[in-house]
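Visitor: got a sequence here, can you build the structure:
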Amino acid sequence: MLQVKNNGNNGEAKKVVIIGAGPAGLTAAYELCKADVESVVLEKDNIVGGISRTVNYKGYHFDIGGHRFFTKVKAVDEMWREVLVDGKFLRRNRISRIYYNKKFFHYPLRATNALFGLGIWNSFLILLSYARAQAFPQKPEETFEQWVSNRFGNRLYRIFFKTYTEKVWGIPCNEITAEWAAQRIKGLSLLTAVKSALLAGQAKNKEGVIKTLIDAFDYPERGPGMMWETVADIIQRKNSRICFETNVKKIHWTTSRITELEIITRGRKEMIQGTHFVSSMPMSFPR
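Guide: Below you'll find the model as predicted:
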């Protein structure tokens, strides 16, 4: 039976179990270590970082998706800089491109590049579609498709957002919720994108710079996985554990609390008890 104990001033034995060794799970373990609380992290893969990991293939480092480090939350920024020191957390200018119709477009948008790349007639139709969306928005706004179409117009949604999103996530846009879109593209619309393209500086909303339009970000020296590999090393040096190739099969609870997890590690079934549980694993729902 796995147990994690912390004998603090009150002598209480704490058993903290964390599901997932991605950024969320490892950050939880890191913050617990700073409070002198040990933990056990359960990870079904054999590597940390989740989809924010970096793979080393024949000496070359590849990111599993691009993960820029940018935040408006001071505590998060401070944590990153605590972990990666000695010049390992680098400031980089952002260079992003959209490939459409055999042409590259700057992102964030640049007015002349977008106008001449799309063509005057296509640009006019995009603006017309946007005007229509503003005059007759789709209600109720329940799906990603409706959320984006209401803010960018249906034409631009079909040109870029639909194909890109379905390629990356593998889910039809009419099956993704509007709430998900609001979090991923928060504060952005065709109007704010055009303002950013025409005006010097970055577009802002009431909360500050819109994340998707930033032109500079921080990045670990050897990719995003470097951040989480370093966090994993730190917490293990402080006597916390990471159990790889471990699947959580069942959660056992009483009316008031979770009591234990049923796990399988490399084919071996085991029960793990705890006083505190943190889950960062993705939630799946039947479709």
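Visitor: so which residues of this protein form helices?
Guide: With DSSP state H as the criterion, the chain has helices at 23-34, 74-83, 111-118, 120-135, 144-152, 154-156, 162-169, 178-184, 190-198, 224-237.
Visitor: pLDDT of the third one, averaged?
Guide: In other words, helix 111-118. Helix 111-118 carries an average pLDDT of 72.
Visitor: same check, this time on the first one
Guide: Along helix 23-34, the predicted local confidence has a mean pLDDT of 96.
Visitor: give the other helices and strands that it contacts.
Guide: In terms of contacts (3 or more CB pairs under 8 Å, 6 or more residues apart in numbering; DSSP states H and E), helix 23-34 is packed against strand 16-19, strand 39-42, helix 74-83, helix 224-237. C-betas here are computed from N, CA, C, even on glycine.
Visitor: returning to what we had before: ranking the helices of the chain by burial, who's on top?
Guide: Ranked by mean neighbour count under mean count of other CB atoms under 10 Å, the helices of the chain are led by helix 144-152, which reaches a mean of 24.
Visitor: tell me the average confidence for that one?
Guide: 90.
Visitor: for it, packing partners?
Guide: So helix 144-152, by 3+ CB pairs under 8 Å, 6+ apart, packs with helix 120-135, helix 178-184.
Visitor: quick check: can you list the domain ranges of the protein?
Guide: What automatic domain parsing lists as the domains of the chain is 16-92+222-279, 96-214.
Visitor: and those, which one is worst for confidence?
Guide: Mean pLDDT is lowest for domain 96-214 among the domains of the chain, at a mean of 77.
Visitor: what would the helices of the chain look like in TSV with distance to Lys103?
Guide: Shown next, in TSV, are these (distance: least, CB to CB, whole Å):
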stretch	distance to Lys103
helix 23-34	35
helix 74-83	36
helix 111-118	5
helix 120-135	11
helix 144-152	19
helix 154-156	15
helix 162-169	15
helix 178-184	25
helix 190-198	16
helix 224-237	29
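Visitor: got the end-to-end distance for stretch 136-156?
Guide: With CA to CA, to the nearest Å as the measure, stretch 136-156 spans 16 Å from end to end.
Visitor: got the contact list for it?
Guide: 125-133, 157, 161-162, 165, 173-178, 180-182, 185, 188-190 (CB atoms under 8 Å, 6 or more residues apart in numbering).
Visitor: apply 7 Å and report the result again.
Guide: For stretch 136-156, contacts defined as CB atoms under 7 Å, 6 or more residues apart in numbering pick out 125-126, 129-130, 132-133, 157, 161, 165, 173-174, 176-178, 180-182, 189-190.
Visitor: what does stretch 230-250 give?
Guide: Outside stretch 230-250, the residues touching it (CB under 7 Å, 6+ apart) are 19, 21, 26, 29-30, 33, 38-46, 48, 83-84, 261-266.
Visitor: picking up where we left off before, what's the closest of the helices of the chain to Ile98?
Guide: helix 162-169 (8.0 Å; CB to CB).
Visitor: closest to Asp215 out of the helices and strands packed on helix 23-34?
Guide: helix 74-83 (17.6 Å).
Visitor: check the offset of the closest one from the chain's centre.
Guide: 16 Å (CA atoms, centre = their mean, to the nearest Å).
Visitor: alpha carbons only: can I get that helix in PDB?
Guide: As requested, the backbone C-alpha atoms of helix 74-83 are provided in PDB (Å, rounded to 0.1, in the frame of the first residue of the first chain):
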ATOM      1  CA  LYS A  74       2.200  36.700 -11.300                       C
ATOM      2  CA  ALA A  75       2.400  33.500  -9.200                       C
ATOM      3  CA  VAL A  76       2.600  31.300 -12.300                       C
ATOM      4  CA  ASP A  77       5.300  33.500 -13.900                       C
ATOM      5  CA  GLU A  78       7.300  33.400 -10.600                       C
ATOM      6  CA  MET A  79       7.000  29.600 -10.400                       C
ATOM      7  CA  TRP A  80       8.400  29.200 -14.000                       C
ATOM      8  CA  ARG A  81      11.400  31.300 -13.100                       C
ATOM      9  CA  GLU A  82      12.100  29.500  -9.900                       C
ATOM     10  CA  VAL A  83      12.300  26.200 -11.800                       C
END
